[in-house]
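Asker: How does the following fold in three dimensions:
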Amino acid sequence: MSKATTAPPESAVELAQWLKDTDEVTIAAELDHLDVEPRTEIFRQLSPDRAADIFDYLEPAIQAQMLTAMDSGEAFALFEELEPDDQARLLEEFEPGQVATFLNILSPEDRTATALLLDYPAESAGRIMSPNFLALRADMTVAEALSLVRSEGEDVETIYFLPIVDEAGHLLGSIELESLVMAEMSDRVRDLEYLKSDSFSVRDDQEEVARYIQSADSIAVSVVEDDDTLVGIVTVDDAMDIIQREETEDIARASAVAPLGKPYFAVTSLQLVRSRIVWLSMLAIAATLTVNVLTAFEATLEQVVTLALFIPLLIGIGGNTGAQSATTIVRALAVDDVRTSDLVRVGLRESGVGLLLGGSLAIAAYFIVYFIFDQDIALVVSLTLVAICTLAALVGSLMPLIARMINVDPAVISAPFVTTIVDASGLIVYFMIATAVMGL
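Answerer: So this is what the prediction gives:
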């Protein structure tokens, strides 16, 4: 099938052909960009099996919108086709009454599995794990294990990752299907070479699990209760979704925007305003620091009006330097390249980087300002560039680390706040240097 990159055609005949020729992933991507009514109408033209496949690719917020717009029969049929972990994520979009309604349509076994996931904390591994897995007993032969895979493999999340348990269901390790296929049929599973350290607690943070899967190039990891009883697995596709969501939140917070948690077209304009107005108000209040600094040095500005000309340049360079440093460290923290124990090391390193950046800019600025104005102004601007870049890089690097130490999201204490702080402190440095050099 060919992949379409254009929006669905409006003509009924062309639309039917487009749906026939286009793969499920592309159709889902296009449906994400439509309003609720046209999206639902297009969805109704699909066969039940294809509709279920495409529905699985949609974001939970979009899924919730569609189910709300559909008849209960259509909505229930689509909901039942989802895996328990996907059902749990979708139910997070509904009110408690609606959650109960959807749970009640499931079979007792499926209802128990989905309700179990909803009982775990929202950001925990237990909330995103799949309870549909295939576990091998350690005392099985390879032949028995492969027979089990063939007979029950269609009903589980994946057959490529196989946890190994003892008779009581306690996790011993895991093995990939490839290793099982390559072993002798008479070998016992417990005698094969298998991983023993790839499990997480149901209460561990989702992002920690996802980062492990990413760094270890794993297909999946096992999830256990406190007594090491195997209760589920987290697969690589779920890990990718978590990493994407966490990075989206970090980008939003670094830009002083509250994370939407939903696709752009799944939220209203009022919700977009709410996600931004609080942060803008806080930054506006913080910016009064800059006004107060200018007021404090008003007499200095009156004596040398030329100093005012360089304020936008200096605070702009300082703010950008701090933002660059903060963004670099926030990202390094997210991928575990940097840890809180590296605070002194990072501070020294970023101070050196800021010093070199400021020195390079100062050399160029000195000659330009000297040519246009005079030596004193050139010296003040150059020294301020060195100081402000060093200070900005230091503040920008340390604030995310300190935030992590006090259990605050480092992305929150990022570029906008760093910029505000550096603006005010940079101006203080500027006027202090001007006072010293020019004898004001």
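
Asker: if I look at residue 404, how far off is residue 335?
Answerer: 13 Å (CB to CB, to the nearest Å). No exception for glycine: its C-beta is placed from N, CA and C like everyone else's.

Asker: neighbour count winner among the two?
Answerer: The neighbour comparison of residue 404 against residue 335 (other CB atoms under 10 Å) goes to residue 404, with 19 against 12.

Asker: So that one versus residue 209, what's the distance?
Answerer: Applying CB to CB, the value for residue 404 to residue 209 is 19 Å.

Asker: and the residue lying closest to residue 55 once chain neighbours are set aside, what helix or strand is that in?
Answerer: Nearest residue to residue 55, sequence neighbours excluded (CB to CB, 6 or more residues apart in numbering): residue 78, at 5.0 Å. Here residue 78 sits within helix 72-81, counting by DSSP states H and E.

Asker: What's the mean pLDDT across that helix?
Answerer: Averaging pLDDT along helix 72-81 gives 86.

Asker: in it, what counts as buried?
Answerer: Along helix 72-81, these residues count as buried under the neighbour rule (16 or more other CB atoms under 10 Å): 74, 75, 76, 77, 78, 79, 81.

Asker: ditto for stretch 156-172
Answerer: Buried-residue list, stretch 156-172, by 16+ other CB under 10 Å: 156, 157, 158, 159, 161, 162, 163, 164, 165, 169, 171, 172.

Asker: just checking, which of those residues belong to strands?
Answerer: Residues of those located in strands (DSSP state E): 161, 162, 163, 164, 165, 171, 172.

Asker: In contact with the fifth one, which residues?
Answerer: Right, residue 165. By CB atoms under 8 Å, 6 or more residues apart in numbering, the residues touching residue 165 are 135, 136, 137, 138, 171, 172, 230.

Asker: By neighbour count, which of these wins?
Answerer: Neighbour counts for the contacts of residue 165 (other CB under 10 Å) peak at residue 136, which has 25 neighbours.

Asker: Grab the nearest non-local neighbour of the residue nearest to the spatial centre of the chain.
Answerer: The centroid of the chain falls nearest to residue 246 when counting by CA atoms, centre = their mean (1.4 Å). Nearest residue to residue 246 in three dimensions, chain neighbours excluded: residue 207, at 5.1 Å (CB to CB, 6+ apart).

Asker: now residue 376
Answerer: Once flanking residues are discounted, residue 376 sits nearest to residue 438: 5.2 Å by CB to CB, 6+ apart.

Asker: And that neighbour, its phi and psi?
Answerer: Phi and psi for residue 438, reported as degrees, to the nearest 10, are phi -100, psi 0.

Asker: wait, doesn't it sit right on residue 378?
Answerer: No: counting by CB atoms under 8 Å, residue 438 stays clear of residue 378, with 11.6 Å between them.

Asker: got the domain boundaries for the chain?
Answerer: Taking automatic domain parsing as the criterion, the chain consists of the domains 12-119, 136-243, 287-438.

Asker: Give me the mean pLDDT for the last one.
Answerer: If you average the pLDDT over domain 287-438, you get 85.

Asker: Stretch 243-260 now?
Answerer: Across stretch 243-260, pLDDT averages out at 69.

Asker: before we move on, back to that, the residue nearest to residue 246 is in contact with residue 242, isn't it?
Answerer: Yes: Residue 207 is within contact range of residue 242, at 6.1 Å (criterion: CB under 8 Å).

Asker: Touching stretch 230-249 from outside, list them.
Answerer: Stretch 230-249 is contacted by residues 85, 116, 125-126, 128-131, 133, 135, 157-158, 161, 163, 165, 169-171, 200, 202, 206-207, 209-211, 213-214, 218-225, 259, 261, 334, 409, 411 when judged by CB under 8 Å, 6+ apart.

Asker: separation between residue 165 and residue 172?
Answerer: The gap separating residue 165 from residue 172 is 6 Å, by CB to CB.

Asker: Can you work out which residues contact both of these two?
Answerer: Contact criterion CB under 8 Å, 6+ apart; residues shared by residue 165 and residue 172: residue 138.

Asker: quick one on the thing from earlier: when residue 207 and residue 242 are compared, which one has more neighbours?
Answerer: For residue 207 versus residue 242, the count of surrounding residues by other CB under 10 Å is larger for residue 242: 22 against 18.

Asker: secondary structure class for the more buried one?
Answerer: What DSSP: H, G, I helix; E, B strand; the rest coil gives for residue 242 is helix.

Asker: Tell me how far it lies from residue 213.
Answerer: Between residue 242 and residue 213 the computed distance is 9 Å (CB to CB).

Asker: cool, residue 376 as well?
Answerer: Distance from residue 376 to residue 213, counting by CB to CB: 60 Å.

Asker: More neighbours: which of the two?
Answerer: residue 213 (23 against 16).

Asker: Could you verify that the more buried one is part of a helix?
Answerer: Yes: counting by three-state DSSP, residue 213 falls inside a helix.

Asker: Which residues are in contact with it?
Answerer: So residue 213 contacts 220, 221, 234, 236, 239 (CB under 8 Å, 6+ apart).
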